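Asker: Okay, predicted coordinates and the sequence, questions at the end:
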Amino acid sequence: MSFKSLLDSWTNQEAPATTDIDYSVRLSVDDPARIRALADLDAEHIITNLVSTSLNELEAAIDQET
């Protein structure tokens with residue numbers, strides 16, 4: 001999924017499938033406010049999708065390097 005597709009899915013409010021595993025991460029000072037600025041979207045939904053999309057794009061970039 002690209003970041004554009006991710007943004008489109010948020011517009012349609014498609015909730016991602018999740019697991020019971022939690023990860024604790026420290027955000028930069030500005031990021032919590034940026035997430036809150038997207039007030040009409042669920043913060044957990046945003047973070048879950050961003051991590052997944054970022055990992056997909058990172059894997060694709062690594063595959064292209066090899």
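Answerer: Happy to help now that I have it.

Asker: what's the pLDDT at residue 20?
Answerer: The predicted structure scores residue 20 at 90 on the pLDDT scale.

Asker: Next, it: secondary structure please.
Answerer: The three-state label for residue 20, taken from DSSP: H, G, I helix; E, B strand; the rest coil, comes out as coil.

Asker: So it versus residue 54, what's the distance?
Answerer: Counting by C-beta to C-beta, to the nearest Å, the gap between residue 20 and residue 54 amounts to 22 Å. (Glycine included, C-beta is placed from N, CA and C.)

Asker: now do residue 18
Answerer: 16 Å.

Asker: hang on, the earlier thing: who's more crowded, residue 20 and residue 54?
Answerer: Legend: neighbour count by other C-beta atoms under 10 Å for residue 20 and residue 54, higher for residue 54 (12 against 4).

Asker: Contacts only, for the more buried one.
Answerer: By C-beta atoms under 8 Å, 6 or more residues apart in numbering, no residues touch residue 54.

Asker: Quick check: longest helix in the chain by residues?
Answerer: Determined from DSSP state H, the single longest helix within the chain is helix 43-65.

Asker: Show me which residues of that one are buried.
Answerer: Buried positions in helix 43-65, judged by neighbour count with 16 or more other C-beta atoms under 10 Å: 45, 49, 53.

Asker: Show me which of those residues is closest to residue 62.
Answerer: Distances from those to residue 62 were compared by C-beta to C-beta; the smallest belongs to residue 53, at 15.0 Å.
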